[in-house]
Structures are given as structure tokens and as C-alpha cells.
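**Q** sequence and computational prediction follow.
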Amino acid sequence: MFLEIKRLIKIYKIKMQKKNIIFLRKANIDKNAVLEGQNKIGAESWFEGYMGFGTYIGDQCTIMGKIGRYCSIGHKVTVLTGTHPSHGFVSTHPTFFSLGLQNGTTYVSTQKFKEKIYADENNKYGCIIGNDVWIGYNATIMGGCTIGDGAIVAAGALVRKNVEPYTIVAGQPAKVIGKRFEDEKIAFLMKIKWWDKPEAWIKSHADDFEDISKFERNISRGESQY
């Protein structure tokens, strides 16, 4: 039995290596997690869900959700799906609303409060993070939130509601402090969806990524098809 487990682990690691997925020290993922490739899981991090191509997460992260492509997730980023009642109930203690036996007992015979909040109930994704998203060090994302393509979440932010594409948020709770580009350029990027292009296409245009105007101009000239 032990040898069989070791064999399966070896096969799994080989599959991950073929997709160029890197696991740092004590990094773990759920057995049903899906990683598209060219990913890295930081030291002592836990990931559960779906991770798009090119995305990486830093050290000591706990993330349950769907993450798009080419996302940069800093150290100690956490997704919190659990919650307690803050209004109506006399107590916030789960003994009075949960069958989960958090402290070894319960005083109720039925579940009275929804304890987990998901952005995608069917797939149990705690949050949905778009493509080309940057989430800074020690940010916290509450369950049920969707972070749009191109958004930036500042270090230490507490995200409690959805973040629009290409919006920058900061603070506790997180508030909008700006946008990355003008509205027309955001619309252009949302139309192009460069992250969905083949890797060869992206590589061939890598030099254009240093300037949004240059990128838009060259693509609009029809130098490549999309």
C-alpha cells in the first residue's frame, strides 16, 4: 500500500513537471485542483480550485477559488469563505446555528445559518479572480467576491465586495482609489482579451506590453490577427 502511494505521488509529480508547475517547500494543493501550466505555488501555501496559465501565488497563501491567467498573487494572501451571523442571532457562536460541531457540540437540530460563502456555489470557488490581476502582500478576500480582469488589490487590503476590471482598490475595507487606464483603453483590453491568445502570440507582442498606447496602436494596425 505504501509503495503504491509513493508510485502515485511520483506519477503526479511527473505530470506537474511536464506542465512546468513549481511547488516550493511545504506547498500543497487539493487533489481536485486544476492548474493550466507555467504556475508556481509558494512555500507553505494551500491552493484549492482552478488556476490559469502563467499564474503564481506567493508564500503562506490560503486560496480557494478560480484564478485566471497571468495573475500575480503576493505572499500571505488569504481567501475567507467562513462566516458567522452578525445581526439577528443573539450569539455569534456556532453552537446556536451550526451542525458543524466546531467545539465538539451543538444545541440545535438543524442548520440555521449558511456558514460558507462562495462566488461559484456549484464549483465551491470561494472567490473568482480574473486574468492579469495583481494582489498584494497580506491581502484578504472574503468569500463570494469576484475580482475583475486587470484589477489591482493593494497590500493589506480587505476585499468585501466585487472589484471591477482594471480598478485599483486599497484599505480595510477595500475602496476604489483609481483605475489603471482610461475607459476607452480598458474597453479595448476587455475586447482583445490578450490572455486568451496562444503563448506564441503573446511572446511575439511582449515588447509592446511596456506601453498601453503602443500595444493598442500596433494591434489596431492589424499587425496580427485576433
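**A** Arrived safely.

**Q** domain assignment for the protein?
**A** 2-81+116-180, 182-226 (automatic domain parsing).

**Q** need these in CSV with distance to residue 90, mean neighbour count and mean pLDDT, can you?
**A** (C-beta placed from N, C-alpha, C; glycine too.) Shown next, in CSV, are the domains of the chain (distance: least, Cβ to Cβ, whole Å; neighbours: other Cβ atoms under 10 Å; pLDDT from 0 to 100):
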stretch, distance to residue 90, mean neighbour count, mean pLDDT
domain 2-81+116-180, 22, 18, 92
domain 182-226, 47, 13, 90
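
**Q** dump the ones you listed to a markdown table, plus distance to residue 105.
**A** A markdown table is the format used below for those (distance: least, Cβ to Cβ, whole Å):
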| stretch | distance to residue 105 |
| --- | --- |
| domain 2-81+116-180 | 20 |
| domain 182-226 | 48 |
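
**Q** assign a three-state SS to residue 202, would you?
**A** helix (DSSP: H, G, I helix; E, B strand; the rest coil).

**Q** next up, the contacts around it.
**A** Counting by Cβ atoms under 8 Å, 6 or more residues apart in numbering, residue 202 touches 194-195.

**Q** next one: residue 113
**A** For residue 113, the contacting residues are 84-85, 89, 97-98, by Cβ under 8 Å, 6+ apart.

**Q** right, so of the domains of the chain, which gets closest to residue 110?
**A** Minimum separation from residue 110 across these (Cβ to Cβ) falls at domain 2-81+116-180, 16.6 Å.

**Q** could you find the closest non-adjacent residue to the most centrally placed residue in the chain?
**A** Nearest to the mean C-alpha position of the chain, counting by Cα atoms, centre = their mean, stands residue 67 at 3.8 Å. Excluding the flanking residues, the one nearest residue 67 by Cβ to Cβ, 6 or more residues apart in numbering is residue 129, at 4.5 Å.

**Q** right, and that neighbour touches residue 64 too?
**A** No. In this structure, residue 129 is not within contact of residue 64 by Cβ atoms under 8 Å, at 11.2 Å.

**Q** show me the contacts for the residue lying closest to residue 124 once chain neighbours are set aside.
**A** For residue 124, ignoring the flanking residues on the chain, the nearest one in space by Cβ to Cβ, 6+ apart is residue 118 at 5.7 Å. By Cβ under 8 Å, 6+ apart, the contact set of residue 118 is 81, 124-126, 143-144.
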